[in-house]
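>>> I need the structure of the sequence given here:
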Amino acid sequence: METVQATLWVVVMLVVLALLFDFMNGFHDAANSIATVVSTGVLKPGQAILFAAFFNVIAILIFQLSVAATVGKGIVQPGVVDTHVVFGALLGAIFWNVITWYYGIPSSSSHALIGGIVGAVIAKSGAGALLSGGILKTVVFIFVSPILGFVLGSVMMVIVAWIFRRSRPSKVDKWFRRLQLVSAGAYSLGHGGNDAQKTIGIIWMLLIATGYSTAGSTSPPTWVIVCCYAAIGMGTMFGGWRIVKTMGQKITKLKPVGGFCAETGGAITLFLATAMGIPVSTTHTITGAIVGVGSTQRASAVRWGVAGNIVWAWIFTIPASAFVAAVAYWISLQIF
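Residues are numbered from 1 along each chain as shown. Below you'll find the model as predicted:
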């Protein structure tokens, strides 16, 4: 515990840094919520941003804090976390977010944060300080969430195609332009519910380590929850347009019916993961669902080269953010 050593200004600085990460998470992952609904022309970009931000924030009323508990208490051994670990973790995650945003690559803010925590903790105490259960289920869902998104997106597309096989294309398009508002709202709800809780978890971890919250507390302070949901909503409102283009058009061309199936498949995946307390990548999930929808048309409908580049970004996310976090940890020892 670092109650005596940690001065208030350090804790405040790290809370602000965590909220900056949360804002960047919304900014970086805005494309996940709105790319399909924008690319199909159902909503204009400005409308879609406000729509997604609204559902990001009201997720606070829907989901329990299971993911926050996993991040805050289920990844690192009690007593290991200090202000230097939190600083390193956040710097590693923010660095990777900035790099992938700049190049328009839809990577995972979630796994960047987990990688940052892992790198900073290893730099301090070695791999033995990590809790294998929390790490394992996070790593497993790196693969499970896009596969589940792929399966649900493609299955829904097949079912919808069969149900409406005798309907006029214009009528189908009209119906699904409306239904896509429902699916986009559900996906944004899942996005806010899972992603905001990761920042809640790391701030909770910080407050416990510095004595501002007790290790036996069942939930973080209310102000932490409200600030994190507000920050991710604000980030979504500013949007990440470089990534919107990749998600909305470069992987596969989407129509409203395809957008509906992708968003619904992604939303179901996020709802399940959040209920189980598993921090998953909303980026991985919606990418898998979009690829699943595209593959039901024909294999050539998916630009596999683009999808392959995204997969490489997924592979490098945790080790890259972990490396930067370890470096940031050592630098922080010289600063405060």
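>>> longest single helix anywhere in this structure?
Among the elements of the chain assigned as helix by DSSP state H, the one spanning the most residues is helix 169-209.
>>> where does pLDDT dip in the stretch 151-300 of the chain?
Judged by pLDDT under 70, the stretch 151-300 of the chain has its weakly predicted residues at 239-254, 298-300.
>>> packing partners of the helix or strand that contains residue 153?
Residue 153 belongs to helix 132-163 when elements are defined using DSSP states H and E. Packed against helix 132-163 by the contact rule (3 or more CB pairs under 8 Å, 6 or more residues apart in numbering; DSSP states H and E) you find helix 66-73, helix 109-125, helix 256-275, helix 282-297. C-beta coordinates here come from the backbone N, C-alpha and C atoms, glycine included.
>>> closest to residue 207 out of those helices?
When those are ranked by proximity to residue 207, the top entry is helix 66-73, at 8.9 Å, counting by CB to CB.
>>> where's the residue of the chain most remote from its centre relative to residue 259, distance?
Relative to the centre of the chain, the most outlying C-alpha is that of residue 166, 38.4 Å out, by CA atoms, centre = their mean. When CB to CB, to the nearest Å is applied, the distance between residue 166 and residue 259 equals 22 Å.
>>> ditto for residue 37
Look at residue 37 and residue 259: by CB to CB, they are 6 Å apart.
>>> which neighbours do the two share?
Each of 180, 184 lies in contact with both residue 37 and residue 259 under the rule CB atoms under 8 Å, 6 or more residues apart in numbering.
>>> for the helix or strand harbouring residue 37, buried residues please.
Following DSSP H and E, the helix or strand that holds residue 37 is helix 8-39. Residues 10-11, 14-15, 17-19, 21-39 are the ones in helix 8-39 that count as buried (16 or more other CB atoms under 10 Å).
>>> determine the set of other helices and strands touching that helix.
With 3+ CB pairs under 8 Å, 6+ apart as the test, helix 8-39 has helix 45-58, helix 83-102, helix 109-125, helix 169-209, helix 222-238, helix 241-245, helix 256-275, helix 282-297 packed against it.
>>> so which of these is nearest residue 336?
Checking these against residue 336 by CB to CB gives helix 83-102 as the closest, at 7.1 Å.
>>> contacts only, for residue 201.
Contacts here follow CB under 8 Å, 6+ apart; on that basis residue 201 touches 67, 68, 69, 70, 71, 72, 279.
>>> again, only using 10 Å
18, 65, 67-75, 113, 117, 220, 224, 228, 279 (CB atoms under 10 Å, 6 or more residues apart in numbering).
>>> could you find the closest non-adjacent residue to it?
Taking CB to CB, 6 or more residues apart in numbering, and ignoring the residues beside it in sequence, residue 201 has residue 71 as its nearest neighbour in space, at 2.6 Å.
>>> quick check: the one you found vs residue 154, distance?
31 Å.
>>> likewise for residue 216?
45 Å.
>>> so if I had to pick from the two, which one is more boxed in?
A side-by-side neighbour count of residue 216 and residue 154, using other CB atoms under 10 Å, places residue 154 first with 21 against 6.
>>> so the more buried one sits against residue 264, correct?
No: assessed by CB atoms under 10 Å, residue 154 is found out of contact with residue 264, at 11.8 Å.
>>> out of the helices and strands packed on helix 8-39, flag the one nearest residue 312.
Evaluated over the helices and strands packed on helix 8-39, closeness to residue 312 peaks at helix 83-102, with 11.2 Å, by CB to CB.
>>> let me see the mean pLDDT of that closest one.
Looking at helix 83-102 alone, the average pLDDT works out to 90.
>>> give the buried residues for it.
Buried residues in helix 83-102, counting neighbours by 16+ other CB under 10 Å, are found at 83-97, 99-101.
>>> just stretch 272-284 next, same as before
The neighbour-count criterion (16+ other CB under 10 Å) identifies 272, 273, 274, 277, 278, 279, 280, 281, 282, 283, 284 as the buried residues of stretch 272-284.
>>> start and end of it, how far apart?
15 Å (CA to CA, to the nearest Å).
>>> please name the nearest non-neighbouring residue to residue 85.
Taking CB to CB, 6+ apart, and ignoring the residues beside it in sequence, residue 85 has residue 120 as its nearest neighbour in space, at 4.4 Å.
>>> go ahead and confirm the one you found touches residue 84.
Yes: using CB under 10 Å, residue 120 is in contact with residue 84, at 7.3 Å.
>>> what's the overlap in contacts for the two?
Taking CB under 10 Å, 6+ apart as the contact definition, residue 120 and residue 84 share the neighbouring residues 328, 329, 330, 332.
>>> closest to residue 150 out of these?
Minimum separation from residue 150 among the shared contacts of residue 120 and residue 84 (CB to CB) is found for residue 328, which lies at 34.6 Å.
>>> how close does that closest one sit to residue 22?
To residue 22, residue 328 is 18 Å away according to CB to CB.
>>> and residue 236, by the same measure?
Using CB to CB, we find residue 236 at a distance of 11 Å from residue 22.
>>> who touches both of the two?
residue 195.
>>> pLDDT score assigned to residue 143?
The predicted local confidence for residue 143 comes out at a pLDDT of 83.
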